[in-house]
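Peer 1: sequence first, predicted coordinates after that:
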Amino acid sequence: MESPTGEITPLAPPAERRANLRDHMRARHEAGNTCAACTGVCCTFVANSMRITPVEALDMKNRLISEGRWTPELFATLTKTVERYGLDRETGDGRRSLRKTYTCPFYTPGPRGCSIHPDHKPYGCLAFNARRPGITEGGDCASSIHELENREAAFPNEAAHNLALKTQHRLYWDKAPIPVALLALNAT
Ligand code: SF4
Ligand code: SF4
């Protein structure tokens, strides 16, 4: 499997880097705030604008390779998503870009929701949870910024790995929509 090279200390395993987010998610679920009754609008064009770093993209890529899913069929699906939602065309006022929404290619309608293993899922996906029980169409969910910040602080060498991947794959972005980020790791 691919791994960033250089003089930087090795990245902690994907599961370790997501442990606090998964604990937080588990606690929310134990409190009854599950997503079981929801259609999963946070993964569709209705509300999803998830962007990921190169390290997160590499985590997903490695998982997809291990599951035999890093295939030309997947690349075609990713490309179709990029084209359909114009994800390769940033808009904005020149100082900041506006995030575009899209239906995630890994979204599966129904209770399962997402086909990516939680140990390799984007951090932002894990941090976004229901704030009360019984939600059916989103509307009362939030991202735990606190847990995301804790996670980032616990793995300070991740920034150097992101930089190394940017150089290695000649990326112009720090974060990109999931399909854009995965296709970029396949292109170079
Ligand atoms: S990776 Fe999974 S949880 Fe994240 S947006 Fe895609 S389908 Fe949803
Ligand atoms: S309840 Fe909220 S976090 Fe859960 S699947 Fe629905 S929109 Fe997403």
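Peer 2: In hand now; what should we look at? Ligands and ions are numbered 1, 2, ... in the order given.

Peer 1: which residues of the protein lie near ligand 1?
Peer 2: Counting by Cβ under 6 Å from any ligand atom, the chain comes close to ligand 1 at 43, 48, 50, 104, 106, 107, 114, 116, 121, 122, 125. (Glycine included, C-beta is placed from N, CA and C.)

Peer 1: cutoff 8 Å now
Peer 2: 40, 42-43, 48, 50, 60, 104-108, 113-116, 121-122, 124-126, 128, 178 (Cβ under 8 Å from any ligand atom).

Peer 1: please pick the buried ones from the residues you listed.
Peer 2: 40, 42-43, 48, 50, 60, 104-107, 113-114, 116, 121-122, 124-126, 128, 178 (16 or more other Cβ atoms under 10 Å).

Peer 1: among these, which ones lie close to ligand 2?
Peer 2: 40, 42, 43, 113, 128.

Peer 1: for the first one, what are its contacts?
Peer 2: By that I understand residue 40. Residues near residue 40 by Cβ atoms under 8 Å, 6 or more residues apart in numbering: 107, 109, 113, 114.

Peer 1: grab the nearest non-local neighbour of the first one.
Peer 2: Spelled out, that is residue 107. residue 43 (4.0 Å; Cβ to Cβ, 6 or more residues apart in numbering).
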